[in-house]
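[1] Next comes the sequence, and after it the predicted model I'd like to discuss.
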Amino acid sequence: MSIRGRALVMGDNVNTDVLHPSQFFSLDSDRVRAGFLQAAAGYESLGRSNLSDCIVVAGENFGCGSSRETGARAFLLAGVRAIVARSLAHIFSRNVRNLGLVAVECPDLYSLPDQGSEVEINLEEYKLIVSATGQSLSINRLDPYWEAIMKSGGLMRFLQYSE
(Lines give C-alpha, C1' and ligand atoms only; values in the text may rest on other atoms or scores of the structure.)
Protein backbone atom coordinates (compact mmCIF):
# COMPACT_ATOMS: atom_id res chain seq x y z
CA MET A 1 0.00 0.00 0.00
CA SER A 2 1.32 3.38 -0.98
CA ILE A 3 -0.22 6.78 -0.29
CA ARG A 4 0.82 9.85 -2.29
CA GLY A 5 -0.08 13.46 -1.82
CA ARG A 6 0.94 17.07 -1.26
CA ALA A 7 2.66 17.80 2.03
CA LEU A 8 0.63 19.85 4.49
CA VAL A 9 3.61 20.77 6.67
CA MET A 10 3.24 21.51 10.38
CA GLY A 11 5.88 21.88 13.08
CA ASP A 12 6.62 20.45 16.52
CA ASN A 13 4.21 20.14 19.46
CA VAL A 14 1.11 20.99 17.43
CA ASN A 15 -1.78 20.80 19.86
CA THR A 16 -5.15 19.27 18.95
CA ASP A 17 -6.87 22.40 20.30
CA VAL A 18 -5.06 24.34 17.55
CA LEU A 19 -5.87 21.71 14.93
CA HIS A 20 -9.54 21.67 15.93
CA PRO A 21 -10.70 24.28 18.48
CA SER A 22 -13.30 23.37 21.08
CA GLN A 23 -16.02 25.70 19.79
CA PHE A 24 -16.37 23.35 16.79
CA PHE A 25 -16.95 20.17 18.80
CA SER A 26 -20.22 18.68 17.67
CA LEU A 27 -21.97 15.53 16.53
CA ASP A 28 -22.70 17.39 13.30
CA SER A 29 -20.01 16.51 10.75
CA ASP A 30 -20.34 19.83 8.92
CA ARG A 31 -19.66 21.75 12.14
CA VAL A 32 -16.66 19.53 12.96
CA ARG A 33 -15.28 19.96 9.44
CA ALA A 34 -15.71 23.75 9.59
CA GLY A 35 -13.35 23.93 12.57
CA PHE A 36 -10.37 22.16 11.02
CA LEU A 37 -7.21 24.30 11.43
CA GLN A 38 -9.23 27.36 12.44
CA ALA A 39 -6.95 28.11 15.41
CA ALA A 40 -3.72 27.36 13.51
CA ALA A 41 -2.30 30.76 12.61
CA GLY A 42 -1.68 30.98 8.88
CA TYR A 43 -3.53 27.73 8.10
CA GLU A 44 -7.14 28.94 8.42
CA SER A 45 -7.91 29.26 4.69
CA LEU A 46 -6.07 26.01 3.98
CA GLY A 47 -8.22 24.31 6.61
CA ARG A 48 -11.36 25.34 4.72
CA SER A 49 -10.07 23.96 1.40
CA ASN A 50 -10.32 20.47 -0.08
CA LEU A 51 -7.43 18.49 1.44
CA SER A 52 -8.14 15.19 -0.27
CA ASP A 53 -4.71 15.21 -1.91
CA CYS A 54 -2.81 16.10 1.29
CA ILE A 55 -0.61 14.19 3.68
CA VAL A 56 0.15 15.97 6.93
CA VAL A 57 3.92 16.00 7.52
CA ALA A 58 4.95 17.18 10.98
CA GLY A 59 7.69 17.25 13.57
CA GLU A 60 7.79 16.06 17.18
CA ASN A 61 4.78 15.32 19.36
CA PHE A 62 2.16 16.01 16.71
CA GLY A 63 -1.37 15.95 18.13
CA CYS A 64 -0.47 16.65 21.74
CA GLY A 65 -3.13 18.12 23.99
CA SER A 66 -6.70 16.99 24.31
CA SER A 67 -7.82 13.45 23.74
CA ARG A 68 -11.16 14.30 22.17
CA GLU A 69 -12.10 12.15 19.20
CA THR A 70 -13.53 15.09 17.22
CA GLY A 71 -10.02 16.49 16.85
CA ALA A 72 -9.07 13.30 15.03
CA ARG A 73 -12.34 13.06 13.09
CA ALA A 74 -11.76 16.52 11.60
CA PHE A 75 -8.78 15.13 9.61
CA LEU A 76 -11.00 12.54 7.94
CA LEU A 77 -13.77 15.04 7.26
CA ALA A 78 -11.21 17.39 5.66
CA GLY A 79 -10.08 14.57 3.37
CA VAL A 80 -6.52 14.28 4.71
CA ARG A 81 -5.03 11.08 3.25
CA ALA A 82 -2.49 10.27 5.99
CA ILE A 83 -0.26 11.68 8.71
CA VAL A 84 3.48 11.21 9.09
CA ALA A 85 5.42 12.88 11.89
CA ARG A 86 8.74 12.53 13.64
CA SER A 87 6.61 11.48 16.62
CA LEU A 88 2.88 11.36 17.35
CA ALA A 89 1.18 12.04 20.64
CA HIS A 90 -0.02 8.68 21.95
CA ILE A 91 -3.76 9.29 22.39
CA PHE A 92 -4.01 11.25 19.14
CA SER A 93 -2.32 8.46 17.16
CA ARG A 94 -4.74 5.91 18.64
CA ASN A 95 -7.73 8.12 17.84
CA VAL A 96 -6.84 8.71 14.18
CA ARG A 97 -5.86 5.08 13.61
CA ASN A 98 -9.08 3.87 15.24
CA LEU A 99 -10.93 6.03 12.73
CA GLY A 100 -9.00 4.45 9.85
CA LEU A 101 -6.54 7.22 9.01
CA VAL A 102 -2.98 6.09 8.36
CA ALA A 103 -0.72 7.72 10.98
CA VAL A 104 2.95 6.74 11.14
CA GLU A 105 6.16 7.94 12.75
CA CYS A 106 9.37 8.76 10.89
CA PRO A 107 12.04 9.44 13.56
CA ASP A 108 14.63 10.60 10.99
CA LEU A 109 12.35 13.33 9.62
CA TYR A 110 14.54 16.21 10.79
CA SER A 111 14.16 18.36 7.71
CA LEU A 112 10.51 18.92 6.87
CA PRO A 113 9.69 19.21 3.15
CA ASP A 114 8.38 22.42 1.60
CA GLN A 115 4.66 23.07 1.85
CA GLY A 116 2.93 21.37 -1.07
CA SER A 117 5.85 19.08 -1.96
CA GLU A 118 4.97 15.66 -3.33
CA VAL A 119 5.40 12.96 -0.67
CA GLU A 120 4.72 9.24 -0.57
CA ILE A 121 4.19 6.89 2.35
CA ASN A 122 5.14 3.38 1.23
CA LEU A 123 3.69 0.92 3.73
CA GLU A 124 5.18 -2.14 2.07
CA GLU A 125 8.75 -0.91 2.50
CA TYR A 126 7.93 1.39 5.45
CA LYS A 127 9.49 4.43 3.79
CA LEU A 128 8.65 8.10 3.46
CA ILE A 129 9.73 9.43 0.07
CA VAL A 130 10.03 13.16 -0.57
CA SER A 131 10.10 13.59 -4.34
CA ALA A 132 11.69 17.07 -4.50
CA THR A 133 14.75 16.08 -2.46
CA GLY A 134 14.91 12.38 -3.28
CA GLN A 135 14.84 11.58 0.44
CA SER A 136 13.83 8.07 1.41
CA LEU A 137 13.41 7.79 5.17
CA SER A 138 12.46 4.79 7.30
CA ILE A 139 9.07 4.78 8.95
CA ASN A 140 8.54 2.90 12.22
CA ARG A 141 6.76 -0.37 11.60
CA LEU A 142 3.31 -0.60 13.12
CA ASP A 143 2.36 -3.35 15.50
CA PRO A 144 0.54 -6.16 13.59
CA TYR A 145 -2.66 -5.24 15.47
CA TRP A 146 -2.52 -1.64 14.18
CA GLU A 147 -1.64 -2.85 10.69
CA ALA A 148 -4.78 -5.01 10.70
CA ILE A 149 -6.92 -2.09 11.91
CA MET A 150 -5.43 0.18 9.27
CA LYS A 151 -5.97 -2.35 6.47
CA SER A 152 -9.58 -2.80 7.63
CA GLY A 153 -10.25 0.94 7.46
CA GLY A 154 -10.53 1.56 11.19
CA LEU A 155 -11.38 -0.17 14.46
CA MET A 156 -15.13 -0.54 13.84
CA ARG A 157 -14.55 -2.21 10.46
CA PHE A 158 -11.83 -4.38 11.98
CA LEU A 159 -14.23 -5.56 14.69
CA GLN A 160 -16.93 -6.30 12.10
CA TYR A 161 -14.52 -8.47 10.12
CA SER A 162 -13.27 -10.19 13.29
CA GLU A 163 -16.69 -11.54 14.31
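    Done, it's in.
[2] Name whatever forms a beta bridge with the residue nearest in space to the middle of the chain.
    With distances taken as C-alpha atoms, centre = their mean, Ile83 lies nearest the centre of the chain, 2.7 Å away. Ile83 has these beta-bridge partners by DSSP bridges: Val56, Ala103.
[3] what's near enough to touch it?
    55-56, 58, 62, 75, 96, 101-104 (C-beta atoms under 8 Å, 6 or more residues apart in numbering). Bear in mind the C-beta positions are built from the backbone N, C-alpha and C, glycine included.
[4] what about the nearest residue to Ile129 once chain neighbours are set aside, which helix or strand?
    Nearest non-adjacent residue to Ile129, counting by C-beta to C-beta, 6 or more residues apart in numbering: Glu120, 4.3 Å away. If you go by DSSP states H and E, Glu120 is part of strand 118-122.
[5] Tell me which helix or strand comes right after that strand.
    strand 127-130.
[6] And the contacts of the helix or strand just after that next one?
    For strand 127-130, the succeeding helix or strand toward the C-terminus, using DSSP H and E, is strand 135-138. Identification of contacts with strand 135-138 by C-beta under 8 Å, 6+ apart yields 106-109, 111, 113, 126-130.
[7] again with stretch 95-103
    The list of residues contacting stretch 95-103 from outside it, by C-beta under 8 Å, 6+ apart, reads 3, 63, 67, 69, 71-73, 75-76, 80-85, 88, 92-93, 121, 123, 146, 149-150, 152-155, 157.
[8] Selection in ChimeraX covering whichever of those residues are buried, please.
    The following ChimeraX line selects those of those that are buried, judged by 16 or more other C-beta atoms under 10 Å:
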select :63,69,71,72,73,75,76,80,81,82,83,84,85,88,92,93,121,123,146,149,150,152,154,155
